[in-house]
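Undergrad: what shape does this take:
(chains A and B)
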There are 2 protein chains.
Amino acid sequence: MSVESPLFDRLVVVGPGLIGSSVLRRARQTGTIARRLIAVDIDPIFRARVEELGIADEVTGDLRSAVADADCVMLCVPVCAIGPVAAEALSAMKPGAILTDTGSTKVSVIAAVEPALRPDISFIPAHPMAGTEYSGPDAGFATLFEDRWCLLTPLPGTPEADVEKITSLWERCGARTRLMTPEHHDRVCAIVSHLPHLLAFTICGTADDLADETRSEVLDFAASGFRDFTRIASSDPIMWRDIFLSNREALLEMLARFTEDAQAMARAIRWGDADYIVDRIERGRTIRRSLIENKQA
Amino acid sequence: MSVESPLFDRLVVVGPGLIGSSVLRRARQTGTIARRLIAVDIDPIFRARVEELGIADEVTGDLRSAVADADCVMLCVPVCAIGPVAAEALSAMKPGAILTDTGSTKVSVIAAVEPALRPDISFIPAHPMAGTEYSGPDAGFATLFEDRWCLLTPLPGTPEADVEKITSLWERCGARTRLMTPEHHDRVCAIVSHLPHLLAFTICGTADDLADETRSEVLDFAASGFRDFTRIASSDPIMWRDIFLSNREALLEMLARFTEDAQAMARAIRWGDADYIVDRIERGRTIRRSLIENKQA
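TA: Below is the predicted model of the structure:
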């Protein structure tokens, strides 16, 4: 398929927030993703803003009419909303169209979508690993996915041509893509993203619970360590609540492993086991070095 | 005291690494800290580098001769070395001189120095809360302390004029200063700096222990959450080992509080307590907002 010819005639983006509006911007900029861009949102304020931004050819609140003629429907709604929104979209989509999503977790998203799936429509779950601490249509930008990963977790039996279309879509957004199982995806994301966020949220709460005098000083003296944590912790609470709840199993397993390791570190500190402490710290440096070599740092 | 007149005749900086060499650079640049700058290091390679950098008037490995005529001796050595180095310095210093340090923990540093203290020399513990992930004489720079805090934990009965001199020294380095008890200092630093580092080191180790397949993908897909953690975790292992061991009590208490909070979060995730999760996440945002208002972010 030539890079110049658009992948789809009509692409519907449901939920043009940070991720969805970035896809629209990119599609508009390159012209190689779809001939016509449709944005769907239940919130009239968001719809008005998307119209003002001029990043879609049509903006509507009517999901069923919008998706009826679509070649591709991309759900960029919060993970807990993907199931119900997918069911409504699937009931109106035309045979041969593709349904995809951008949720941060995959096992529970697939389980939520599965009951409404139709044999004549491919559902191709995807997760672009990109984001900022901001949200909404104004937060998006066309280069958000540049050099970031987009992980795809297609179901067994999905036509390869459809998987390739969604892969191309993300590559035309600038992303690198990889296929994996939903279970593997959820474990990888639990350790690289969800657990770090859980720890960052938690330490901010722990600090906030300290006696008043210490608390004001936490703010005054926040060293670089804590500052980095609060940057992570400033992300959207509802989005993260949904991610935590929908990746429950993998996240709790990673937290359990982490807690064992933290307790082992505590024990080493209590008993003065200097070698153990240095060994664990060295591992951080090794990972950091590999990250830099992987040009991801 | 006029800002133009130097605070000391002879300032000896023991351990011209990141912190020590930054003090030397600042003192050389402003001319208002000391008339003569002396750098002491046991490592001949470091001494040669400090001479090449030209940031001290004298560079020597002989601590006792260097401190004999000093008005002020500042120990910028690792926290676990402060006790023995202080004892050697104190045995050679002249009456009326001031001893100070820059260690990241204070209760155990004071306990280590106390046996060698002399009534005719003021020991004024200090902790400039500044740093980078780099170390050594080349890592320092004159503006390292600009707008950062330096916490002082003077012992009861220390002459006020001497405390004021060390306070002025740090203010002339660009820092804001505050006095507090050593115990309070250690608790504040445990939550704002030491615990965040412990968590960052630990999560890198937890990731590194995953099965080989997942581990390679952790590197590939490191989202922003994990990337920030590895930046923290790339700090010097020996320095952090020493900090953890010398702030054992406060750090273990903060880790225990944090672990309780993380377990409560895990329980909320397991049982789907959405309100609890959102409440804890909101706290992070509140702290973040206060941080920005405090112009520390």
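Undergrad: what about the residue of the stretch 51-200 of chain A found nearest chain B, how many residues nearby?
TA: Closest approach between the stretch 51-200 of chain A and chain B, counting by Cβ to the nearest Cβ: A:Pro196, at 3.4 Å. Quick note: C-beta positions are derived from backbone N, CA and C, even for glycine. Other residues within reach of A:Pro196, judged by other Cβ atoms under 10 Å in any protein chain shown, total 28.
Undergrad: same question, the one 3 residues further on
TA: Summarising burial for A:Leu199: neighbours were counted as other Cβ under 10 Å, giving 26.
Undergrad: give me the below-cutoff pLDDT ranges for chain A.
TA: Scanning chain A for pLDDT under 70 picks out A:1-3, A:212-213, A:223-225, A:228, A:230-234, A:291-292, A:294-297.
Undergrad: so the strand or helix carrying the residue of the stretch 51-200 of chain A closest to chain B versus helix B:195-208, what angle?
TA: In this structure, A:Pro196 sits in helix A:195-208 according to DSSP states H and E. Comparing the axes of helix A:195-208 and helix B:195-208 via axes from the mean of the first three to the mean of the last three Cα atoms, to 10 degrees yields an angle of 160 degrees.
Undergrad: which stretches in the stretch 101-250 of chain A count as strands?
TA: Secondary structure of the stretch 101-250 of chain A by DSSP state E, counting those that start in this stretch: the strands cover A:122-128, A:149-152, A:176-179.
Undergrad: would TSV of these with distance to chain B and mean neighbour count be doable?
TA: Below are those laid out as TSV (distance: least, Cβ to the nearest Cβ, whole Å; neighbours: other Cβ atoms under 10 Å in any protein chain shown):
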stretch	distance to chain B	mean neighbour count
strand A:122-128	10	24
strand A:149-152	5	22
strand A:176-179	8	15
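Undergrad: so which of these comes closest to A:Pro137?
TA: strand A:122-128 (16.6 Å; Cβ to Cβ).
Undergrad: sheet-wise, list the partners of that closest one with their directions.
TA: Using DSSP bridges, strand A:122-128 pairs in its sheet with strand A:98-101 (parallel), strand A:149-152 (antiparallel).
Undergrad: what comes into contact with the first one?
TA: Looking back up the chat, that one is strand A:98-101. A:71-76, A:82, A:86, A:89-90, A:93, A:109, A:113, A:121-126, A:162, A:165-166, A:169 (Cβ atoms under 8 Å, 6 or more residues apart in numbering or on different chains).
Undergrad: mind redoing it with 7 Å?
TA: Strand A:98-101 is contacted from outside by A:71-75, A:82, A:86, A:89-90, A:93, A:109, A:121-126, A:162, A:165-166, using Cβ atoms under 7 Å, 6 or more residues apart in numbering or on different chains.
Undergrad: got the CA coordinates for that strand in PDB?
TA: Output of strand A:98-101 as PDB, limited to C-alpha atoms (Å, rounded to 0.1, in the frame of the first residue of the first chain):
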ATOM      1  CA  ILE A  98     -12.800  -2.100  11.700                       C
ATOM      2  CA  LEU A  99     -13.200  -1.200  15.400                       C
ATOM      3  CA  THR A 100     -10.200  -0.300  17.400                       C
ATOM      4  CA  ASP A 101      -9.400   1.400  20.700                       C
END
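Undergrad: buried stuff in that strand?
TA: By 16 or more other Cβ atoms under 10 Å in any protein chain shown, the buried positions in strand A:98-101 come out as A:98-101.
Undergrad: okay if I get those residues as CSV plus distance to B:Thr202?
TA: Below are those laid out as CSV (distance: Cβ to Cβ, whole Å):
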residue, distance to B:Thr202
A:Ile98, 42
A:Leu99, 40
A:Thr100, 36
A:Asp101, 33
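Undergrad: closest to B:Leu252 out of those?
TA: Of the buried residues of strand A:98-101, the one sitting nearest to B:Leu252 (Cβ to Cβ) turns out to be A:Asp101, at 43.6 Å.
Undergrad: beta-bridge partners for that closest one, please?
TA: With DSSP bridges as the rule, A:Asp101 is bridged to A:Leu75, A:Pro125.
Undergrad: and the contacts of stretch A:262-272?
TA: Against stretch A:262-272 from outside (Cβ under 7 Å, 6+ apart): A:276-277, A:280, B:198, B:202, B:244-245, B:248, B:251-252, B:255, B:259.
Undergrad: can I get those in CSV including distance to B:Thr181?
TA: CSV is the format used below for these (distance: Cβ to Cβ, whole Å):
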residue, distance to B:Thr181
A:Tyr276, 31
A:Ile277, 27
A:Arg280, 31
B:Leu198, 23
B:Thr202, 29
B:Phe244, 21
B:Leu245, 21
B:Arg248, 18
B:Leu251, 17
B:Leu252, 19
B:Leu255, 22
B:Thr259, 26
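Undergrad: most widely separated two among those?
TA: Longest span within the contacts of stretch A:262-272, Cβ to Cβ: B:Leu245 and B:Thr259, 19.3 Å.
Undergrad: the two: which is more packed in?
TA: B:Leu245 (20 against 16).
Undergrad: need the strands of the stretch 101-250 of chain A in TSV (columns: distance to B:Gly136).
TA: Output for those, formatted as TSV (distance: least, Cβ to Cβ, whole Å):
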stretch	distance to B:Gly136
strand A:122-128	40
strand A:149-152	35
strand A:176-179	36
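Undergrad: nearest to A:Val192, of the ones you listed?
TA: Among these, strand A:149-152 sits nearest to A:Val192 (Cβ to Cβ), with 10.2 Å.
Undergrad: CA atoms only for the closest one, dumped as PDB, please.
TA: Extracted C-alpha coordinates of strand A:149-152, given in PDB (Å, rounded to 0.1, in the frame of the first residue of the first chain):
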ATOM      1  CA  TRP A 149       5.400   2.600  20.900                       C
ATOM      2  CA  CYS A 150       1.900   1.500  20.000                       C
ATOM      3  CA  LEU A 151       1.200  -2.000  21.200                       C
ATOM      4  CA  LEU A 152      -1.500  -4.100  19.300                       C
END
